[in-house]
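Asker: Compute the structure for the input listed below.
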Amino acid sequence: MSITTKRLKASAYLAGMLALTAGFSGCSIMSQTTSIFSQTEKDPTEGWSANKIYVTAKEALNAGDYERAITLYEALEARYPLGRFAQQAQLEKAYAYYKYDEADSALDEIDRFLRMNPGSENVDYALYLRGLVNFNRGSSIVDQVFPRSIADLDSVRQKESFQDFSHVVTRHPNSKYAPDARSRLQYLRNSLAESEVNVAKYYMLRGAWLAAFNRAEYAIKHYQGSPAIADALEIKIQAAHNLGKTDLAADSMRVMELNFPQRAAALQSKLR
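Answerer: Residues are numbered from 1 along each chain as shown. Predicted structure coming up:
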């Protein structure tokens with residue numbers, strides 16, 4: 001298939017999906033369900049044990065039938081709220097919501113789990129899952145057809161994801177989820193630093209020196225180790241220079257000389 005044909009098919013698919021989305025705007029698929037089962041539908045789990053409901057829900061989850069899994073987990077929680085499967089069902093339902101692209105519902109379930117079970121041995125997983133939900137939030141059919149850098153997406157969700165993964169690493173350093181959380185933290189650190197620097201560059205173009213200085217300083221303070229820090233230092237020096245704050249500019253220049261000597265030399269020549 002030619003590249004042109006693929007693009008045409010992608011565009012047609014996107015148009016169809018956007019039209020479908022418009023028809024359901026403002027409505028969550030799961031929020032339209034007023035009860036676990038409709039009034040005309042017989043409860044298929046009637047008479048089932050907690051174990052049978054849980055096993056069936058787990059099978060649906062593993063098969064990718066997230067809607068059915070959610071319905072079964074809800075039935076389990078409603079019928080056996082204090083049973084031995086309750087905690088696990090809550091987390092697995094949160095995961096099902098996440099895979100079903102119901103981010104708000106997933107986060108609600110995770111937050112409820114953390115409130116109700118602060119001492120659970122699965123808190124590390126709950127925090128990790130929360131990070132995943134926020135990490136992937138904002139992805140849509142538009143992003144699948146026309147991929148964007150994560151730095152272009154909602155920085156609020158990125159920061160929440162950064163915090164979630166940070167909690168996994170700092171509070172549960174030996175968790176099996178910690179290595180992946182660390183990798184995602186580095187990715188987010190670079191992305192968030194890049195976002196801050198891009199905003200700072202915009203302010204520099206507008207002559208808003210103080211705003212540019214503050215955004216660059218924020219990036220340096222919170223996202224050490226990111227490649228964008230060199231750009232942030234340069235912006236901070238230039239902004240301080242334009243504000244007439246020679247002491248601040250000199251302090252930042254010393255930091256740049258220690259860490260990025262070639263960039264410092266080039267900047268000094270530019271500012272003379």
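Asker: which SS class is Ser226?
Answerer: Secondary structure assignment for Ser226 (DSSP: H, G, I helix; E, B strand; the rest coil): coil.
Asker: Grab the nearest non-local neighbour of it.
Answerer: Ala193 (3.7 Å; C-beta to C-beta, 6 or more residues apart in numbering). From N, CA and C alone the C-beta is placed, and that goes for glycine too.
Asker: Kindly tell me how buried that neighbour is, as a neighbour count.
Answerer: 24 (other C-beta atoms under 10 Å).
Asker: isn't it right up against Leu233?
Answerer: No - Ala193 lies out of contact with Leu233 (C-beta atoms under 8 Å); the separation is 11.4 Å.
Asker: re earlier: helix, strand or coil for the residue nearest to Ser226?
Answerer: On the basis of three-state DSSP, Ala193 is classed as helix.
Asker: Give me the distance between it and Ala181.
Answerer: Counting by C-beta to C-beta, to the nearest Å, the separation of Ala193 from Ala181 is 18 Å.
Asker: next one: Ala240
Answerer: Ala240 is 36 Å from Ala181, by C-beta to C-beta.
Asker: lowest-pLDDT helix or strand in this protein?
Answerer: helix 3-23 (a mean of 38; mean pLDDT, DSSP states H and E).
Asker: how far does stretch 78-97 sit from the chain's center?
Answerer: 23 Å (C-alpha atoms, centre = their mean, to the nearest Å).
Asker: Find the helix or strand that the closest residue in space to His167 that isn't next to it in sequence is a member of.
Answerer: In this structure, His167 finds its nearest non-sequential neighbour in Leu127, 4.9 Å apart by C-beta to C-beta, 6+ apart. Here Leu127 is covered by helix 123-136, with elements defined by DSSP states H and E.
Asker: and that helix, which residues are buried?
Answerer: Buried residues in helix 123-136, counting neighbours by 16 or more other C-beta atoms under 10 Å, are found at 123-135.
Asker: Ok, stretch 56-70 next?
Answerer: By 16+ other C-beta under 10 Å, the buried positions in stretch 56-70 come out as 56-58, 60-61, 65-66, 68-70.
Asker: which of the residues you listed lies closest to Leu267?
Answerer: Closest approach between the buried residues of stretch 56-70 and Leu267, by C-beta to C-beta: Tyr66, at 52.8 Å.
Asker: Name the residues that touch stretch 78-87?
Answerer: Defining contact as C-beta atoms under 8 Å, 6 or more residues apart in numbering, one finds that stretch 78-87 is touched by 36, 45, 50-51, 53-54, 76-77, 113, 117, 120, 122.
Asker: I am finished for the moment; much appreciated.
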